[in-house]
Structure formats: structure tokens, C-alpha cells
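*Asks:* From the sequence below, what's the structure:
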Amino acid sequence: SRNQLYGPIFRTNLIGEDLIVSLDQDLNNLVFQKEEKLFQIWYPESLMRIMGADCIIATLGTFHKHLRTLVLRLFGPENLRVVLLHEVQQTAQASLLSWLGHPSIEVKEATSSMIFSITAKRLISYDSSSSDGKLWKQFDAFLQGLLAFPLYIPGTAFYKCMQGRKNVMKILKELLNERKKATCWESVDFIDILIDDLKDKKTLMNEKIALDLLFLLLFAGFETTSSGITATLKFLTGDPKALQELTEEHNNIRKRRANPDSEITWEEYKSMKFTSHVIHEALRLANIAPVMFRKATEEVHIKGYTIPKGSKIMVSPSSIHLDPTIYKDPNAFNPWRWKDTTEPMGGSSKEFMAFGGGLRLCVGADFAKLEMAVFLHCLVTKYSWKVIKGGNMVLSPGLQFPCGFHIQLLPKY
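*Replies:* Residues are numbered from 1 along each chain as shown. Here you go, the predicted structure:
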């Protein structure tokens, strides 16, 4: 409706900031492709205070590349194949088994807990099953306050966010200090990688940057993926044909094994073509990251518009994902549309921006898609489900389920 009223590029004021809003495919793509040339990272004050002024989303140039390289040592292709594929499957199987026997499971919360346990184990060797859930619960109020007006007064969404951040940072600082003092440590996690980097005098790494990076990875690692899984289940519930084809793909994988219950191999994961279509379609429709922000470092001219130097720009991927000139019947869940379309290389294209794009393409995109695919395999081969209540989705600002999405899990055999 805003596109019809104001056109694809217009000015507005949100969260106390004068912004240029882009609903235009070409400008959105230009912003990502000319990162650190014509545009650079910028985010509202509230988000930066919550995520940390020194986190990876605020870094530029070679140091940003350095931080991405560190993260990819944990979530890059080799570790996905050798370590994380196994860990994700083990955790998904255990989580689903624990859902049995309950009259109702709220999918978003249950999958958030599941994904958090995987991510926290790899990042900080945190065992959610043997803990009191203290760390996980601190993240509960975050999404509501990410783009809230930065009013630090008790009772406001921003205040709750900042208190949660304070508590998490205290825990992370204690973990980092304990690890620094440890003379030997059996497992290798991201804290170990950061400690090694802190010792390297050639990098700009310091303790504050390390803690902000841990904080962001913990939050982003579970919030977005659990939203994606929940949305996928919601869409599949309303499309029996898609669910049937997905189930057949995974049952056929099991039939080809000598032992049907053996673990997923990397080759099997890469063969899940329809599963990949389902995941891309769910992410397109769900728009988990509905807005992204940048600042123009030079005056930019495009399609008759002039974007002055210093302008703050809000990019809206959802405007591309729901554009009828790009996707036929864009509001319909149709995973088959991807059969005749080349899926975006690396997770991003001009028409698909669920993971951002350019230099700042989400570093965990491949990990997120693996988690979703493995979870779906474990789910549809052993279980069915029925909806108890909820399932309505809203963007406020990220994808949320105001009434939850409650299901009952049932064994197939």
C-alpha cells in the first residue's frame, strides 16, 4: 500500500530517524552490491546499544572480513559437513522425542530452545540440558525492543532488552575469564578461537569486541532459525500436497540406506532438492529479517531519484519477496515455483534477500538452512502433528506469532 501511495522510494520518519525507504529491487540490490563503496552499515541507536557498538554488524573493511573468517571457522562448509550435521541431527531427534506425550507444544519456543542448545554448545560449550535455562531466558524480550525507541525507563521494551543484555554479558564475561585462566580445555569452541585471536597483536580484537560478537551470534543463531522452522511448519500444515512430497523425498532417502535409521550423510543432505524449495519458499514468505539499514557515503543517482550523501536508508526485502512482477501469486505458499528457478547462489540474489546480500550476507545462512532441512527430515519421517491453536504471523518488527503456534506431536508408527 505504501508503494502505491508514495512510490518505491520515499522519505519517512521512524524510531526518531529521518529515513529513505527502499521498496525498489534495483536500489536494494545496489545497496548490497556497493557495500563500503557507495553505502556502509548503519543501524538505529536502539539496536546498536542492544547488540553492542563493537559487534560484527558495526565493523568495516578488513576487520569485518577478519571477524567473518573467524565465525566461518565454526560455521563454514567443512565444519558443517564434519561436525554440525551430526550434532544438529542428534539434537533434533532428542527434541522431537521430548515433545511426545505433551498435549500441546508451542513450536517457536520449543525450536528456539533446541537451536539455542546447538549454537551455545558450539560457541561457549554451554550445556542447556544440564543448566537452569538462565542464559536462554535472558533473550526472551529482545525482539520487541530491537527497534524500539531507546527510552531507558523501567517498564519499556528497550529497558527490558538492555537488562537482558546486561545479564547475558555478565555471564559471557565470566565464561571468558574462566577460560583464560584454564590451563587445559578438552573441547574447542568459539571462545577458544577468540582467545587465540586476542593474543594476536596484529588484529584489532579486544575483549569488548569478542563479547559483543558472542552476544550477537547467540541471539541471531537461534531467533531467526526457530522463526523459519515455525513458519515452515505453519505453511506445510496448510498445504497437504507439499507436505506429502516433502515426506516422500525423505522416506526415499531412508529406503536407500542399508539401515534406515542411520544418520544423514552430507550427500543425502545435498540431495534434498524439494526440501530446499520448501525452505526458500518459507523464508521468502515469512520475511524473518523484514528491514535492513545502510547509510549513503556518496550522493547516489538511480531511476531519477537523488539520494544525498549521509542519507540513512531502510531496505525492505519483503517488498521484493512479495512483488507480483517477480513472483507469480506472491502471497501463496508454492515451493514448486523454485523448480524452474535457479536457487540463489550463496543464499542471496537480486530477487531473494532473506539472508541479506553482498559483503554482509548472513554468515550463518548455510548453517540455518542445514538446521531447517535436518529438523524436517527428523520430523516428517517419524512423526505427524495436529494444530491445537495459534499460527497467525505478524511482522513487529521481525516475524512473530502473537498467539504462538501450538501443535501436538504424534508418532507415525
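
*Asks:* Touching, Gly404 and Ile388? I think so.
*Replies:* No - checked against Cβ atoms under 8 Å, the pair Gly404 and Ile388 is beyond contact range at 9.4 Å. To be clear about C-beta, it is placed using only N, CA and C from the backbone, and glycine gets the same treatment.

*Asks:* neighbour-wise, which of the two wins?
*Replies:* For Gly404 and Ile388, the more surrounded residue by other Cβ atoms under 10 Å is Gly404, and the numbers stand at 19 against 15.

*Asks:* How much space separates that one from Phe375?
*Replies:* 18 Å (Cβ to Cβ, to the nearest Å).

*Asks:* next one: Ile264
*Replies:* 11 Å.

*Asks:* of those two, who's got more company?
*Replies:* Phe375 (26 against 22).

*Asks:* Wait, that one touches Gly228, no?
*Replies:* No - Phe375 lies out of contact with Gly228 (Cβ under 8 Å); the separation is 9.8 Å.

*Asks:* what's the burial count for the nearest residue to Cys378 once chain neighbours are set aside?
*Replies:* Counting by Cβ to Cβ, 6 or more residues apart in numbering, Cys378 lies nearest to Ala92, which is 4.4 Å off, once chain neighbours are set aside. Other residues near Ala92 come to 23 when the count uses other Cβ under 10 Å.

*Asks:* which ones are touching Ala92?
*Replies:* Ala92 makes contacts with 114, 371, 374-375, 378-379, as judged by Cβ atoms under 8 Å, 6 or more residues apart in numbering.

*Asks:* Let's see that with 10 Å instead.
*Replies:* Residues in contact with Ala92 (Cβ atoms under 10 Å, 6 or more residues apart in numbering) are 111, 114-115, 118, 229, 264, 371, 374-379.

*Asks:* Now the two most distant members of these.
*Replies:* Greatest spatial distance in the contacts of Ala92: Thr111 and Ile264, 18.1 Å, computed using Cβ to Cβ.

*Asks:* So for Gly404 and Ile388, which residues contact both of them?
*Replies:* Common neighbours of Gly404 and Ile388 (criterion: Cβ under 10 Å, 6+ apart): 104-106.

*Asks:* Take those and keep only those in strands.
*Replies:* 105-106 (DSSP state E).

*Asks:* Could you identify which of the shared contacts of Gly404 and Ile388 has the most neighbours?
*Replies:* Neighbour counts for the shared contacts of Gly404 and Ile388 peak at Ile105, which has 21 neighbours (criterion: other Cβ under 10 Å).

*Asks:* so where does the closest residue to Ile118 other than its chain neighbours fall, helix or strand?
*Replies:* Closest residue in space to Ile118, ignoring its immediate chain neighbours: Thr91 at 5.2 Å, by Cβ to Cβ, 6+ apart. In this structure, Thr91 sits in helix 85-99 according to DSSP states H and E.

*Asks:* which parts of that helix are buried?
*Replies:* For helix 85-99, the neighbour count (16 or more other Cβ atoms under 10 Å) marks 85, 88-89, 91-93, 95-96, 99 as buried.

*Asks:* Need the contact partners of stretch 318-330.
*Replies:* The set of residues external to stretch 318-330 that reach it, using Cβ under 10 Å, 6+ apart, is 2-3, 8, 21-25, 28-29, 281, 283-291, 316, 331, 334, 337, 341, 349-354, 395.

*Asks:* Drop anything exposed from those.
*Replies:* Judged by 16+ other Cβ under 10 Å, buried ones among those: 8, 21-25, 28-29, 281, 283-291, 316, 334, 337, 350-354.

*Asks:* Please flag which of these sit within helices.
*Replies:* Those of these mapping onto helices are 25, 28-29, 281, 283-286, per DSSP state H.

*Asks:* Quick check: of the residues you listed, which lies closest to Gln408?
*Replies:* If you rank those by distance to Gln408 using Cβ to Cβ, Ala286 comes first, at 22.7 Å.
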